[in-house]
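# Any chance you could fold what I've pasted below:
(2 chains)
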Amino acid sequence: MRRLWIAILLVAVCGTVLSPAWAQNPFTHKAETLQKAPAPPIKSRFFVKIILWQHQLKTKMADLIRQTHNDGSLLALMLLMGLAFAYGAVHAAGPGHGKAIATTYVMSHNVPILSGILFGLFIAMIHAISGVVGVVGLRYVIEASVSQTLANATTITQLVSFGLIAVLGLVLVVQYGYALCFARTPAPKTSPQASRKSLLPWAVAVGLVPCPAVVMVMLFCISMEVMALGLVLAACIALGMGTTIAAVVTAVLMGKGGLLKLVPERRLLTFQGIIGLAAGAGIATFGILFLLATVTTAYY
Amino acid sequence: MLGLLLLPLPAVKAHPHVFVDQRLTLVFDDKGLAGIKVWWKFDDMFASMIAEDHDGDQNGRLDPAEVQAVKANAFAFIKTYSYFTFVKIDGRPFEVKFVQDFNAILEDNRLVYEFFIPCHVTAVDTPKKLTIATYDPSYYTAIYFTEKAPVSLIAAESYEVRTTVREDPEMSIYYDMVHPWALFLEFRKKA
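Below is the predicted model of the structure:
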């Protein structure tokens, strides 16, 4: 029982530290309801550093985009691609980018490490593609004000994303709850071998909201009339973000493997079932809370 | 899950995408402190987004009508966040409810916002202590004081003024993992 609590706590810690991020630009969008933060438990120099690194990387990228635009230097382009990858990796190392949902999902399923890595890359790619489609669509198809319209589009994608997350979480609750309560052998249903195909709806749900980092890089490149460069950099940023998410997912999968070895074999199936149920409940609760918060902000 | 439920929702969704270099100017008058003039220089990519949307004639500058559009569409919303400026006077909070003299300047693709926060504090013989912390509570924006001349004074000749820029250990943001930087000000009448 004590080990079960350790596992549930692990899920809770993943949820706390590696939370998702779908924020709106406060300069161009109505503010969300303010709530007071709890008492400070941690002070992290690491997070102070990664924020500063992002600032420095972004400044350097802007300079190099100008240089590449002006002289077409191949060296500058290569350096720029490296910086874009590093920016994506560092950016995703902070709180957010769907790591909470991704890690909670792999906690509750038998996901091979390679699939976990692909899952992280899928999330980042969809997050970036959403940003690229948003910018190109608004700029060239609708020809609307990007910051304002993108804020509205982001709200809509948030509603869809949180709704999908809530539904997927509820599906897990029903699957694992039924298996635990009624199925004679809960093993196959409570711990399904997640195929790569089954990871896609989760990656879409988590990555659907346009990535603001990609949006800003794309807009900057478009303003310099080097949209192709923007697309290359968006891919590099996505690869960087995906690498970080995949690393976190892999770490959780390895930790989970070690944890399961501590559980007696005769209780393993029940244990996995309860983890799956808790993960589903956590994901569903998360989706519903954020859906309600987004609806409240957008329409009230 | 419990941890997830306990988190404030806006905080859960935050991480910085906009970066601001900041300078503060403390403006005095014949009674004491009159207010704080704020200068924010944005990162090039945010500047590009604002220019794209609001520099209608794309001449690389913002004319008065364009400045008003920027104010309405890319500044006024942060009133909810006290314009990212959190002031304490002798330990008591002073809420920034409005600002004056907003201006947005676009020059060489760099975007600067300037505005004035009225904050009247009468000088006396004993020191008045102010803390001016600047941060975005939603943490979409990271604000840094400039390395050179982060703070300057106007019309402060009649007062003894001491300023320090450092992290404020009494405040915590970004999942309570970061102390925001703040300007610590002490001033009194000259003997």
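# so who does residue B:98 touch?
Applying C-beta atoms under 8 Å, 6 or more residues apart in numbering or on different chains to residue B:98 gives the contacts B:79, B:118. For every residue, glycine as well, the C-beta is placed using N, CA and C.
# Look at it and give its secondary structure.
Using DSSP: H, G, I helix; E, B strand; the rest coil, the structure places residue B:98 in coil.
# okay, residue 41: pLDDT?
Went with chain A since none was named. pLDDT for residue A:41: 35.
# think we crossed wires, I meant chain B
Residue B:41 is given a pLDDT of 95.
# Likewise for residue B:1?
For residue B:1, pLDDT reads 34.
# Output the below-cut-off pLDDT ranges for the stretch 1-150 of chain A.
Scanning the stretch 1-150 of chain A for pLDDT under 70 picks out the ranges A:1-24, A:29-44, A:142-146, A:148.
# go with 90
A:1-55, A:66-76, A:91-119, A:133-150 (pLDDT under 90).
# swap in chain B?
Along chain B, the parts satisfying pLDDT under 90 run over B:1-17, B:48-49, B:52-60, B:107-109, B:135-140, B:142, B:147-148, B:166-181, B:190-191.
# residue ranges of the strands in chain B, please?
Counting by DSSP state E, chain B has strands at residues B:18-28, B:32-42, B:85-89, B:92-94, B:100-107, B:110-122, B:128-134, B:141-145, B:151-154, B:159-167, B:181-189.
# dump the residue contacts of residue 166.
By default, I'm working from chain A. Counting by C-beta under 8 Å, 6+ apart, residue A:166 makes contact with A:283-284, A:286-288, A:291.
# wrong one, I was asking about chain B
With contacts defined as C-beta under 8 Å, 6+ apart, residue B:166 is in contact with B:181-182, B:184.
# Bridge partners for it, pull those for me.
residue B:182 (DSSP bridges).
# Could you check how far it is from residue A:48?
Using C-beta to C-beta, to the nearest Å, we find residue B:166 at a distance of 13 Å from residue A:48.
# ok, now residue A:275?
Distance, residue A:275 to residue A:48, using C-beta to C-beta: 34 Å.
# Between the two, which is the more surrounded one?
Between residue A:275 and residue A:48, counted using other C-beta atoms under 10 Å in any protein chain shown, the more crowded position is residue A:275 (26 against 16).
# so the more buried one is in which element?
helix A:265-299 (DSSP states H and E).
# Go ahead and flag the most central residue of chain A.
What sits nearest the mean C-alpha location of chain A, by C-alpha atoms, centre = their mean, is residue A:98, with 2.1 Å.
# neighbours of the nearest residue to residue B:158 once chain neighbours are set aside, just the number please.
For residue B:158, ignoring the flanking residues on the chain, the nearest one in space by C-beta to C-beta, 6 or more residues apart in numbering or on different chains is residue B:190 at 6.0 Å. Residue B:190 has 12 neighbours, counted by other C-beta under 10 Å.
# distance of residue B:125 from residue A:217?
Residue B:125 is 55 Å from residue A:217, by C-beta to C-beta.
# Just want to know which of the two has more residues nearby.
Neighbours per residue, other C-beta under 10 Å: of residue B:125 and residue A:217, the larger number sits with residue A:217, 31 against 8.
# Now name the helix or strand holding the nearest residue to the more buried one once chain neighbours are set aside.
Nearest residue to residue A:217, sequence neighbours excluded (C-beta to C-beta, 6+ apart): residue A:233, at 5.2 Å. Assigned by DSSP H and E, residue A:233 belongs to helix A:227-261.
# helices and strands around that helix, which ones?
If contacts are counted by 3 or more C-beta pairs under 8 Å, 6 or more residues apart in numbering or on different chains; DSSP states H and E, helix A:227-261 sits against helix A:2-17, helix A:45-71, helix A:74-93, helix A:99-108, helix A:113-136, helix A:212-223, helix A:265-299.
# Please repeat the previous calculation with a cut-off of 6 Å.
Counting contacts by 3 or more C-beta pairs under 6 Å, 6 or more residues apart in numbering or on different chains; DSSP states H and E, helix A:227-261 is packed against helix A:74-93, helix A:99-108, helix A:113-136, helix A:212-223.
# ok, back up a step: using CSV, lay out the strands of chain B together with distance to residue A:72.
Output for the strands of chain B, formatted as CSV (distance: least, C-beta to C-beta, whole Å):
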stretch, distance to residue A:72
strand B:18-28, 27
strand B:32-42, 27
strand B:85-89, 43
strand B:92-94, 53
strand B:100-107, 26
strand B:110-122, 24
strand B:128-134, 40
strand B:141-145, 32
strand B:151-154, 42
strand B:159-167, 42
strand B:181-189, 39
